[in-house]
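my questions are about this predicted structure, shown below with the sequence.
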2 protein chains.
Amino acid sequence: MIKEKILRRKSRQRQIILDELKKLKTHPRADFLFKIVRKKLPNISFGTVYRNLNLLRDQGEVLELTCGKHGCRYDGTATNHYHFSCLKCGRVFDLDQPVLRDLDMKVSNKSGMAVNYHRTDFYGYCRECKSRNMSADK
Amino acid sequence: MIKEKILRRKSRQRQIILDELKKLKTHPRADFLFKIVRKKLPNISFGTVYRNLNLLRDQGEVLELTCGKHGCRYDGTATNHYHFSCLKCGRVFDLDQPVLRDLDMKVSNKSGMAVNYHRTDFYGYCRECKSRNMSADK
DNA sequence: TTAATTGCAAAACTTTTGCAACGCT
DNA sequence: AGCGTTGCAAAAGTTTTGCAATTAA
């Protein structure tokens, strides 16, 4: 499937989806963002949210984080950064750990693949969950 | 949801699912593995494959890799290692880049989270795809 | 025997898509 | 006007679940 360059128009819907996502410090799934956006645009449809998230991702304005079975999470900060995912509450947090860009080169040389970038997710218990009971489950 | 310790029995189905997954060098999705397993167990059902993959994952015998919209990929090698994902053909490859365990400690200290482990996925074009045309799409 | 496991089918979810109407440019 | 975008609803795809029958221990 070849990606054609299409002239994009501005739409109120797309702008508000992007604005609301950027406002959130969390990394919501499409359905959660849909509910947020619907407060401002009561008639917006699910399809529009999905279409625009895909579009914004393709244009590099939004990150689509690696997905779980319950859907992908989206990040309004487009520059690559690492994430922490809580095994208990499931929330995803930004980390300010520097991205190890030189790893890409190392892996390229070693594996023969052409590496563009990497994503790293740390797993464990967030500050709130680690202080509560630690019986491990999701 | 508290995870109960349940006495597990050996079932022919679970054993074959595990065996076939370990045999594969690729990292199949559940539906692909289902087709493979069905060659040996023509009557096995989708539900059984999913139930057992979840179970094997919970018991740490199998890795459930971060998922895409088309489903999770599974890895029969249970010890943590890095992966390379081809942006063109979508295949996932194992890397033998060493896992940077000390990163976990660094992130723990810096962020206040209790880090157990991390996962890293490299993205780019695999050896085969990078030599073909490089028009970037999935 | 007894309780985990299976096969089947239906349900639950997430995401995509066809289409007529709408709205940027 | 031209065509990208929307809302709606239906479709598609993945994963889970309820249940009676089966099977491992």
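Now that the structure is in, tell me what you want to look at.

shaky segments in chain A?
Low-confidence segments of chain A (pLDDT under 70): A:1-5, A:133-138.

hey, where'd the strands end up in it?
Counting by DSSP state E, chain A has strands at residues A:63-64, A:74-75, A:83-86, A:92-94, A:114-125.

how far does the second one sit from its chain's centre?
Meaning strand A:74-75. Centroid separation between strand A:74-75 and its chain, computed with CA atoms, centre = their mean, to the nearest Å, is 2 Å.

is chain B contacted by it?
No. On the criterion CB under 8 Å from any CB of the partner chain, strand A:74-75 is out of touch with chain B, staying 12.4 Å away. Bear in mind the C-beta positions are built from the backbone N, C-alpha and C, glycine included.

and residue A:101, which of the strands of chain A is closest to it?
Comparing those against residue A:101 with CB to CB, the closest turns out to be strand A:114-125 (8.4 Å).

so what are the sheet partners of the closest one and their directions?
Pairing partners of strand A:114-125, with direction, according to DSSP bridges: strand A:83-86 (parallel), strand B:114-125 (antiparallel).

how far off centre is it?
12 Å.

now stretch A:108-116
In terms of CA atoms, centre = their mean, the centre of stretch A:108-116 is found 25 Å from the chain centre.

next: stretch A:12-24.
In terms of CA atoms, centre = their mean, the centre of stretch A:12-24 is found 14 Å from the chain centre.

list the buried residues of it.
A:13, A:14, A:16, A:17, A:18, A:20, A:21 (16 or more other CB atoms under 10 Å in any protein chain shown).

ok, stretch A:116-135 next?
Buried residues in stretch A:116-135, counted by 16+ other CB under 10 Å: A:118, A:119, A:120, A:121, A:122, A:123, A:124, A:125, A:126, A:129.

residue of chain A nearest chain B, please.
Per CB to the nearest CB, residue A:66 is where chain A lies closest to chain B, at 3.6 Å.

can you tell me the closest non-neighbouring residue to that residue?
Distances taken as CB to CB, 6 or more residues apart in numbering or on different chains place residue B:66 nearest to residue A:66, at 3.6 Å, with adjacent residues excluded.

and that neighbour, how far from residue B:29?
12 Å (CB to CB, to the nearest Å).

for residue A:24, same thing?
30 Å.

got it, and residue A:128?
Taking CB to CB, one finds residue A:128 at 33 Å from residue B:29.

cool, residue A:116 as well?
Look at residue A:116 and residue B:29: by CB to CB, they are 23 Å apart.

next one: residue A:57
For residue A:57 relative to residue B:29 (CB to CB), the value is 21 Å.

ok, back up a step: pretty sure the residue of chain A closest to chain B contacts residue A:119?
Yes. Applying CB atoms under 8 Å, one finds residue A:66 in contact with residue A:119, separated by 6.5 Å.

common neighbours of those two, please.
Common neighbours of residue A:66 and residue A:119, counting by CB atoms under 8 Å, 6 or more residues apart in numbering or on different chains, are residue B:121.

and the residue of chain A closest to DNA strand C?
Here the residue of chain A nearest DNA strand C is residue A:47; by CB to the nearest atom of the strand that distance is 2.8 Å.

could you check how many residues crowd around that residue?
For residue A:47, the tally of surrounding residues (other CB atoms under 10 Å in any protein chain shown) stands at 8.

ok, it - contacts?
For residue A:47, the contact set (CB under 8 Å, 6+ apart) is empty.

for the most centrally placed residue in chain A, list each beta-bridge partner.
Central residue of chain A (CA atoms, centre = their mean): residue A:74, 2.7 Å from the mean position. Judged by DSSP bridges, the bridge partners of residue A:74 are residue A:64.

distance of it relative to residue A:115?
Using CB to CB, residue A:74 is found at 24 Å from residue A:115.

wouldn't residue A:34 be in contact with residue A:46 here?
Yes. Look at residue A:34 against residue A:46 with CB under 8 Å: they come within range, at 5.9 Å.
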